[in-house]
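Student: Here you go, sequence then predicted model.
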Amino acid sequence: MTHRSIAQDEPAREGAPRKSKRLHKVAPDLKTLAIALGLSQSTISRALSAHPGIPETTRHRVVAAADAMGYSPNARARSLATGRTEAIGLVFPLERLQLPETNFVDVLAGISTAVTRRNYSLLLTPFEDDEAAVLRKLASSKTLDGVIITRPLVDDPRIALLNGLGLPFVVHGRSEVSEPYSFVDTDNDTAFERLTNLLIDYGHRNIVVVNGLEKFRYATARARSFLRAFATRGLTPRPDAIEFVSMTEVTGYETATRRLDGPEPPTAFICGSVFQARGVYRAIAERGLCVGSDISVVCHDDGVRGISADQFVPPLTATATSIRLAGEDLAMMLIDQIEAGTSAPLRKILPFDLTLRGSVGLAATSEGSRGPCASGD
């Protein structure tokens, strides 16, 4: 019996070393990877976190070696060593997920790309009413290292609140507050000025601006730049030239319908988004008019997926920046600030391209005729 038990155990003992070796085989640690590459552990760590101070060639070399050797950063150990959670939050109104037309998904895609690249986690934090309470809760929970906030108001109280809470943050856009803060923004101070100057050069004076809501700083900046373009030329726009509405196709359509049916129809529209411009195109087409030859239309294009200015008929003249790249910059800026351990404000204003397309033509004169439009949207 004993002999049989020993014999039955022999295969297990013979295979035991191999099995044990497999069970106890561990992936290389940071030190092993550093020795293999001839680099310091801190350089390895920063390269894997896509730190901006590490050359791209070094980062690619480290990432390739880590993949080949099966190295995987220990998030818990790294968190204990750095004192950080390596997580950031995106705080946004719940309605942004419910809107049929929004650039939010594109912003989120950019943020997610950067967070993944830097080996951080992203906590999505929607709110319905009291955003300040949500920010206070996040700051006290210690579950993340910083937050991104969006759609800043002209005088935004969240900036003073976050500074007081000591929670690192970056703003998508700017506010008029005197408090220090970090931001990534599109050059809204000049975008509409360039579009307005273009239309003035084509002889347009009766221009309607289909802008965003006046409470947001980007909309007031665009309105000021429109007025500045007229003032620089010694001209005066119509007193009701600027319409502050939400950024949807419906508001673009309703605004254009009302203004085109008014006593002094505009010869041109400036739209704050491609969504608004699509509504304006529809209103113009319903009146048998041609975009470009009868009514000129220009807009700002955030590069939102599924709708592009160059796909309009005729193609839409627009200033453009990538909202997705803005999202990447927001996350990278916040993580850089967190890892540097500094509250010094970082600021980035994204330039834009202005592309002239078929939606702009010479202003129609009172003697000119507006015939039926041969092409439609």
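Tutor: Alright, I've got the coordinates.
Student: and the helix or strand encompassing R96, how far out from the chain's middle?
Tutor: Assigned by DSSP states H and E, R96 belongs to helix 95-98. In this view, helix 95-98 has its centroid 15 Å away from the chain centroid, taken as C-alpha atoms, centre = their mean, to the nearest Å.
Student: now do stretch 316-333
Tutor: Counting by C-alpha atoms, centre = their mean, stretch 316-333 is centred 5 Å from the centre of its parent chain.
Student: As a check, name the ranges of all strands in the stretch 251-377 of the chain.
Tutor: 268-271, 296-301, 317-320, 347-350, 353-355 (DSSP state E, counting those that start in this stretch).
Student: Could you pull out the helices in the protein for me?
Tutor: In the chain, the helices defined using DSSP state H lie at 2-24, 30-37, 41-48, 56-69, 75-82, 95-98, 104-117, 131-141, 157-165, 188-201, 217-232, 249-260, 274-286, 323-340.
Student: Pick out the shakiest of these, pLDDT-wise.
Tutor: Least confident of the helices of the chain, judged by mean pLDDT, is helix 2-24 with a mean of 44.
Student: among the helices of the chain, which is nearest D310?
Tutor: D310 lies closest to helix 274-286 among those, at 10.3 Å (C-beta to C-beta). The C-beta positions use only the backbone N, C-alpha and C, and glycine is treated the same way.
Student: what's the closest one packed up against?
Tutor: Counting contacts by 3 or more C-beta pairs under 8 Å, 6 or more residues apart in numbering; DSSP states H and E, helix 274-286 is packed against helix 249-260, strand 268-271, strand 296-301.
Student: Pick the most deeply packed of the ones you listed.
Tutor: Greatest average neighbour count among these goes to strand 268-271 (a mean of 29), per mean count of other C-beta atoms under 10 Å.
Student: Other residues contacting that strand?
Tutor: For strand 268-271, contacts defined as C-beta atoms under 8 Å, 6 or more residues apart in numbering pick out 192, 195-196, 199, 202, 204, 206-210, 226, 252, 256, 277, 280, 295-300, 360, 363.
Student: Any of the residues you listed buried? List them.
Tutor: Buried subset of those (neighbour count, 16 or more other C-beta atoms under 10 Å): 192, 195-196, 199, 204, 207-210, 226, 252, 256, 277, 280, 295-300, 360, 363.
Student: got a list of what the nearest residue to D189 once chain neighbours are set aside touches?
Tutor: Spatial nearest neighbour of D189, chain neighbours left out: A221 (5.1 Å); criterion: C-beta to C-beta, 6 or more residues apart in numbering. A221 makes contacts with R174, N188, D189, as judged by C-beta under 8 Å, 6+ apart.
Student: burial count for G53?
Tutor: Applying other C-beta atoms under 10 Å, we find 8 residues neighbouring G53.
Student: residue contacts, S359?
Tutor: V291, G292, S296, V297, V298, F312, P314, P315, L316, T317.
Student: again, 10 Å this time
Tutor: If you count contacts by C-beta atoms under 10 Å, 6 or more residues apart in numbering, S359 has them with 268-269, 277, 280-281, 290-292, 295-299, 309, 312-318.
Student: Report pLDDT for it.
Tutor: Value for S359, per-residue pLDDT: 98.
Student: Same question for the one 4 residues further on.
Tutor: Taken from the predicted model, the pLDDT recorded for A363 is 94.
Student: quick one: it and I200, what's the gap?
Tutor: For A363, the distance to I200 equals 9 Å [C-beta to C-beta, to the nearest Å].
Student: Mutual contacts of those two, please.
Tutor: Shared contacts of A363 and I200 (C-beta under 10 Å, 6+ apart): I207, A268.
Student: ok so, going back, tell me which of the helices of the chain lies nearest to K348.
Tutor: That would be, of the helices of the chain and by C-beta to C-beta, helix 323-340, which comes in at 5.7 Å.
Student: Alpha carbons of the closest one, as CSV, please.
Tutor: C-alpha atoms of helix 323-340 as CSV (Å, rounded to 0.1, in the frame of the first residue of the first chain):
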residue,chain,number,x,y,z
ILE,A,323,-12.0,69.1,-30.5
ARG,A,324,-10.5,65.6,-30.0
LEU,A,325,-7.0,67.0,-29.9
ALA,A,326,-8.2,69.6,-27.4
GLY,A,327,-9.3,66.7,-25.3
GLU,A,328,-5.9,65.1,-25.5
ASP,A,329,-4.3,68.3,-24.5
LEU,A,330,-6.6,68.7,-21.5
ALA,A,331,-5.7,65.3,-20.1
MET,A,332,-2.0,65.7,-20.8
MET,A,333,-1.9,69.1,-19.2
LEU,A,334,-3.6,67.9,-16.1
ILE,A,335,-1.4,64.9,-15.7
ASP,A,336,1.7,67.0,-16.2
GLN,A,337,0.5,69.3,-13.5
ILE,A,338,-0.2,66.5,-11.1
GLU,A,339,3.1,64.8,-11.7
ALA,A,340,5.1,68.0,-11.4
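Student: please renumber so the chain begins at 825
Tutor: Taking 825 as the first residue, the last one we looked at is helix 1147-1164.
Student: Which elements pack onto it?
Tutor: strand 911-917, helix 928-941, strand 970-974, strand 993-996, strand 1006-1010, strand 1171-1174 (3 or more C-beta pairs under 10 Å, 6 or more residues apart in numbering; DSSP states H and E).
Student: between the ones you listed, which one is nearest to P879?
Tutor: helix 928-941 (15.4 Å).
Student: Let me know the angle separating that closest one from helix 1147-1164.
Tutor: With axes from the mean of the first three to the mean of the last three C-alpha atoms, to 10 degrees applied, the angle from helix 928-941 to helix 1147-1164 works out at 40 degrees.
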